[in-house]
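# With the input below, show me the fold.
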Amino acid sequence: MNSLTNTDVGAKVTHSFSTKENTIIVGTQHALGPLTMLKARLNNAGKASALIQHEWHPGSLITISGEIDTKSIDKSAKEEQLVHLSCFLLLCSSPSCQRCKGLRAHSYSAAK
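Residues are numbered from 1 along each chain as shown. You can find the predicted model right below:
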């Protein structure tokens, strides 16, 4: 991570021999503070996704993420799922944690 900007940038290239397809993913992450991370990525198929993740208690994360298929923007929503939003709350696994009381994870999802 670049210590001046708290930002990382990366790329991933994969090749599937069975389907003979290449996949290219470009992504970045930026630390908004010591407990909050913003991440985004885009692949060559036109899918863009982003998330913001906050550690509200040691070992406990809340994540809000979204994904959009940029190639489907001009199609109707009935033809293809355009936007996917989700919220994921991961509570710590410590049975002694008084804040979480042994709960594990909850996920909420909504698609348009």
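# for residue 13, which residues make a bridge with it?
Using DSSP bridges, the beta-bridge partners of residue 13 come out as residue 24.
# And whatever helix or strand residue 39 lives in, what's buried?
Following DSSP states H and E, one finds residue 39 within strand 36-43. By neighbour count on 16 or more other Cβ atoms under 10 Å, the buried set for strand 36-43 is 37, 38, 39, 41, 42. Where you see a C-beta, it was placed from the backbone N, CA and C, and this is true even at glycine.
# With pLDDT and distance to residue 25 added, can I get those in a markdown table?
Output for the buried residues of strand 36-43, formatted as a markdown table (pLDDT from 0 to 100; distance: Cβ to Cβ, whole Å):
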| residue | pLDDT | distance to residue 25 |
| --- | --- | --- |
| 37 | 92 | 18 |
| 38 | 93 | 17 |
| 39 | 94 | 12 |
| 41 | 95 | 6 |
| 42 | 95 | 7 |
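# hang on, the earlier thing: and the strand holding residue 39, what does it pack against?
Where contact means 3 or more Cβ pairs under 8 Å, 6 or more residues apart in numbering; DSSP states H and E, strand 36-43 is packed against strand 21-31, strand 47-57.
# got the angle for it vs strand 47-57?
Counting by axes from the mean of the first three to the mean of the last three Cα atoms, to 10 degrees, strand 36-43 lies at 160 degrees to strand 47-57.
# Near residue 3, how many other residues are there?
Using other Cβ atoms under 10 Å, residue 3 has 6 neighbouring residues.
# what does the one 3 residues further on give?
Other residues within reach of residue 6, judged by other Cβ under 10 Å, total 15.
# Save the helices and strands packed on strand 36-43 as TSV, and put in mean neighbour count and mean pLDDT too.
TSV is the format used below for the helices and strands packed on strand 36-43 (neighbours: other Cβ atoms under 10 Å; pLDDT from 0 to 100):
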stretch	mean neighbour count	mean pLDDT
strand 21-31	14	95
strand 47-57	15	88
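# looking at those, which is closest to residue 8?
Relative to residue 8, the nearest member of these by Cβ to Cβ is strand 21-31, separated by 5.0 Å.
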